[in-house]
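Colleague: what would the 3D arrangement of this be:
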Amino acid sequence: MHFEAKVPDAHSATYVTNYLQMNYHSSHEEEFYGMGLEYTIWNFKGHRIPLIVEEGGIGRGAQPITWIENRMRGVKGQGGNSATSYGATPNYITNVNRGMIFNNTHIGIADFKKKDKTSFLFWHATSMQGIILSGKDPLHLA
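Modeller: From the prediction side, this is the model:
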């Protein structure tokens with residue numbers, strides 16, 4: 001099912017806002033897979049993922065190499081973390097045969113940290129569009 005939401009004042013100096021966010025329910029057992037080219041995390045439940053392409057870093061959160069790269073080499077953040085990606089995309093499928101494909105190109109955050117809620121936030125966006133997936137098994141998510 002395709003969806004589109006338009007909020008013209010979502011990026012507004014008048015209302016002091018600069019983002020558009022979608023929140024929806026998810027069960028604490030639901031597992032989220034996808035989000036583009038991610039090397040470290042398999043299930044994103046419990047994580048907050050930046051929707052921006054950035055240098056993966058040296059170590060990507062594995063210790064002690066990440067600590068050494070971040071602190072000893074003099075370049076803050078050089079070690080990266082488990083969520084850095086060369087190909088972040090706001091798309092996922094779940095273990096309960098649901099999924100979402102967002103067609104937005106804005107920088108944002110996918111937030112799976114809460115056990116009963118999922119949030120997608122896009123900075124400087126006034127609309128959000130995409131496809132909601134649902135099916136009896138992963139092959140029928142369309």
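Colleague: who does Ser12 form a beta bridge with?
Modeller: Taking DSSP bridges as the rule, Ser12 bridges to Thr17.
Colleague: swap that for His2, sorry
Modeller: Listed by DSSP bridges, the beta-bridge partners for His2 are Ile131.
Colleague: try Arg98
Modeller: Assessed by DSSP bridges, Arg98 has beta-bridge partners Ser134.
Colleague: give me every residue that touches it.
Modeller: Arg98 is in contact with 30, 132-134, 141, counting by CB atoms under 8 Å, 6 or more residues apart in numbering. For glycine as for every other residue, the C-beta is placed from the backbone atoms N, C-alpha and C.
Colleague: gap between it and Gly130?
Modeller: Using CB to CB, to the nearest Å, one gets 13 Å for the distance from Arg98 to Gly130.
Colleague: give the PyMOL command for selecting the buried subset of the contacts of Arg98.
Modeller: Buried residues within those, by 16 or more other CB atoms under 10 Å, are selected in PyMOL with:
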select buried, resi 30+133+141
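Colleague: so which helix or strand of the protein has the lowest pLDDT on average?
Modeller: Least confident helix or strand of the chain, by mean pLDDT, DSSP states H and E, is helix 65-71 with a mean of 71.
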